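Engineer: With the sequence up front, the predicted model follows.
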Amino acid sequence: MSFDKDPFDPEARLWNPCACGGNHSQAEHDNAVAAEQAEIAPVQAVEEKVDTEEILSRHIESAVMKAVFGTDMARRNFLTAVGASTAAAALSQVFPMGAAKAVAQEMSGQLEKTKLAVGFVPITCATPIIMASPMGFYEKYGLDVDVIKTAGWAVARDKSLSGEYDAAHMLTPMPLAITMGAGSTAVPWTMPAVENINGQAITLATKHLDKNDDPSKWKGFKFAVPFDYSMHNFLLRYYVAEHGLDPDTDIQIRVLPPPEMVANLAAGNVDGYLAPDPFNQRAVYDGVGFIHKLTKEIWDGHPCCAFAASQAFVDEMPNTFIALYKSIIEATAFASAQENRKEVAAAISPRNYLNQPVTVVEQVLTGTFADGLGNVQKVPDRIDFNPFPYHSMAIWILTQMKRWGYISGDVDYKGVAEQVYLATDAQEVMTDMGLTPPTETYKSYEVMGKVFDPNMPEEYVNSFAIRR
């Protein structure tokens, strides 16, 4: 608060001294206080969490009054005489207040960049990122997004690190690995949202029908996974180890881009794979393989793929990041509704996206599918879409990276998880969008009957008989 009555001003007159000791009357002090309170209402509104638009509106009105009246005292005298509401109404008659507010609102959330490149690998796990383009979710938030089909995860990682992609569809372990420098140069990376949960399967070549019931007979098999730092790799390792096989000595695991898996299975180059869809279903469709087990039967609700971006993108383009984030969250919510799945399948099946028969994609998304064993299964959550990036998911992944030697030494499990998986941001953004996010960011899981407690990660790693 300030008072600008100059006792040496020629217009100054005598008054009764004020209780505050200032050179003004008590009445003028009281009037000025009242006017000042009207001016600082936006600040109080912020503290009281008043709507952002209302706060900005009041700031605009205050700025216009300062421009019109010049001195603080003249402005305060006007406010005292007519009141803040009347003053704003009077000024709006001579100044386009509404237009000024509209411009200010636009500038306050102006996108730093509207033309974006977002990479994706053509699998159903990328559904929200892909469908947001043809179905208008990016456009709704003021973005012009070029979704770029990418052959595999090494390419997706490298193009993201080089800045060719503004953001990308990644596997949920990848942002953790990039941040820690596992398999690449260490660069701070973020995972704002999970793209899908479940959505994978173990598929075997038809010649191995006789070994379907006993994975211990898989010794000597060659398996494919899409990337080292993938849930596919970690779930396959977990699964065969629980059946007594050492994944590094009893079987071979090789990396293949998902679009090449069916052809390699048909050619006999691999005996099976733990892969994302639609390539499990495509093997059945082509008659070259059968579905041994959905990964939801190993860990129901496990994370698979993610929307990921560098920390630099989040920091340097916050408005663009939030717009992209919201468009993907909204697309994810749409895809999660079973009644929308056929529409989504039609949107993502074309050649420029998945390049798959709609029938194959529908079987994956709806969960009504032939398994290659003569059965038609109905599993509505064969793949599902829940964007919340639980910190505990990151910790489970880190335990498997430690278990199999992808990282070593002391690991700050919670520190890395909370740096990379933006669960707190997800809570805020989802709430702002009218969704109801989880209130907790950590929870326990059961994987093949074994309970994982995120508060005891090192004990979990050491509990396994087969590990590096």
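Structural biologist: Looks like it arrived, so ask away.

Engineer: Enumerate the positions of stretch 159-174 that are buried.
Structural biologist: Neighbour counts over stretch 159-174 (16 or more other Cβ atoms under 10 Å) mark 159-160, 165-174 as buried. (C-beta placed from N, C-alpha, C; glycine too.)

Engineer: And the residue nearest the centre of this structure?
Structural biologist: A193 (2.2 Å; Cα atoms, centre = their mean).

Engineer: where's that one, which helix or strand?
Structural biologist: Take DSSP states H and E as the rule and A193 turns out to sit in strand 189-194.

Engineer: What is whatever helix or strand comes next after that strand packed up against?
Structural biologist: Note on strand 189-194: by DSSP H and E, the next helix or strand toward the C-terminus is strand 197-198. For strand 197-198, the packing partners by 3 or more Cβ pairs under 8 Å, 6 or more residues apart in numbering; DSSP states H and E come out as strand 383-384.

Engineer: Does anything pack onto the strand it packs on? Which helices or strands?
Structural biologist: Against strand 383-384 (3+ Cβ pairs under 8 Å, 6+ apart) you get strand 197-198.

Engineer: and after the strand it packs on, which helix or strand comes next?
Structural biologist: Toward the C-terminus from strand 197-198 - assigned by DSSP H and E - lies strand 200-205.

Engineer: low pLDDT regions in the stretch 51-200 of the chain?
Structural biologist: Filtered on pLDDT under 70, the stretch 51-200 of the chain yields the residue ranges 51-108.

Engineer: and with 80 instead?
Structural biologist: 51-109 (pLDDT under 80).

Engineer: Which parts of it are strands?
Structural biologist: 115-120, 144-149, 167-171, 189-194, 197-198, 200-205 (DSSP state E, counting those that start in this stretch).

Engineer: Switch those strands over to JSON lines; also include distance to I395.
Structural biologist: What follows is those, written out as JSON lines (distance: least, Cβ to Cβ, whole Å):
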{"stretch": "strand 115-120", "distance to I395": "26"}
{"stretch": "strand 144-149", "distance to I395": "31"}
{"stretch": "strand 167-171", "distance to I395": "16"}
{"stretch": "strand 189-194", "distance to I395": "13"}
{"stretch": "strand 197-198", "distance to I395": "16"}
{"stretch": "strand 200-205", "distance to I395": "20"}
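
Engineer: Let me know which of those strands is tucked in deepest.
Structural biologist: strand 167-171 (a mean of 29; mean count of other Cβ atoms under 10 Å).

Engineer: That one vs strand 189-194, what angle?
Structural biologist: Counting by axes from the mean of the first three to the mean of the last three Cα atoms, to 10 degrees, strand 167-171 lies at 80 degrees to strand 189-194.

Engineer: Could you report the pLDDT at the nearest residue to A177 once chain neighbours are set aside?
Structural biologist: Distance criterion Cβ to Cβ, 6 or more residues apart in numbering; nearest residue to A177, sequence neighbours excluded, is Y229 at 4.2 Å. Note for Y229: predicted pLDDT of 98.

Engineer: Now Y229. Its backbone dihedrals?
Structural biologist: When read as degrees, to the nearest 10, the backbone of Y229 gives phi -90, psi 70.

Engineer: Which secondary structure elements does the strand holding A193 sit against?
Structural biologist: Counting by 3+ Cβ pairs under 8 Å, 6+ apart, strand 189-194 packs on helix 174-180, strand 305-310, helix 311-316, helix 318-336, helix 413-420, helix 423-432.

Engineer: Please render those as TSV that adds distance to D213 to the earlier fields.
Structural biologist: Converted to TSV, the helices and strands packed on strand 189-194 look like this (distance: least, Cβ to Cβ, whole Å):
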stretch	distance to D213
helix 174-180	34
strand 305-310	30
helix 311-316	47
helix 318-336	34
helix 413-420	36
helix 423-432	39
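
Engineer: Tell me which of these is the most buried.
Structural biologist: strand 305-310 (a mean of 28).

Engineer: May I have that one exported as PDB, CA atoms only?
Structural biologist: What follows is strand 305-310, C-alpha atoms only, in PDB (Å, rounded to 0.1, in the frame of the first residue of the first chain):
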ATOM      1  CA  CYS A 305       3.800 -48.400 -24.000                       C
ATOM      2  CA  ALA A 306       4.000 -44.700 -23.200                       C
ATOM      3  CA  PHE A 307       3.800 -41.100 -24.400                       C
ATOM      4  CA  ALA A 308       7.300 -39.700 -23.700                       C
ATOM      5  CA  ALA A 309       9.100 -36.400 -24.200                       C
ATOM      6  CA  SER A 310      12.400 -34.900 -23.100                       C
END
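
Engineer: That one pairs with which strands?
Structural biologist: strand 167-171 (antiparallel), strand 189-194 (antiparallel) (DSSP bridges).

Engineer: which one of the buried residues of stretch 159-174 sits closest to A346?
Structural biologist: H169 (19.8 Å; Cβ to Cβ).

Engineer: The closest one bridge partners, please.
Structural biologist: Under the criterion used (DSSP bridges), H169 bridges to F307.

Engineer: residues in contact with it?
Structural biologist: Neighbouring residues of H169 by Cβ atoms under 8 Å, 6 or more residues apart in numbering: 118-121, 125-126, 129, 156, 195, 305-308.

Engineer: Could you rerun that using 7 Å?
Structural biologist: Taking Cβ atoms under 7 Å, 6 or more residues apart in numbering, we find H169 in contact with 119-121, 126, 129, 195, 305, 307.

Engineer: what about Y239, how many neighbours?
Structural biologist: Applying other Cβ atoms under 10 Å, we find 23 other residues in the vicinity of Y239.
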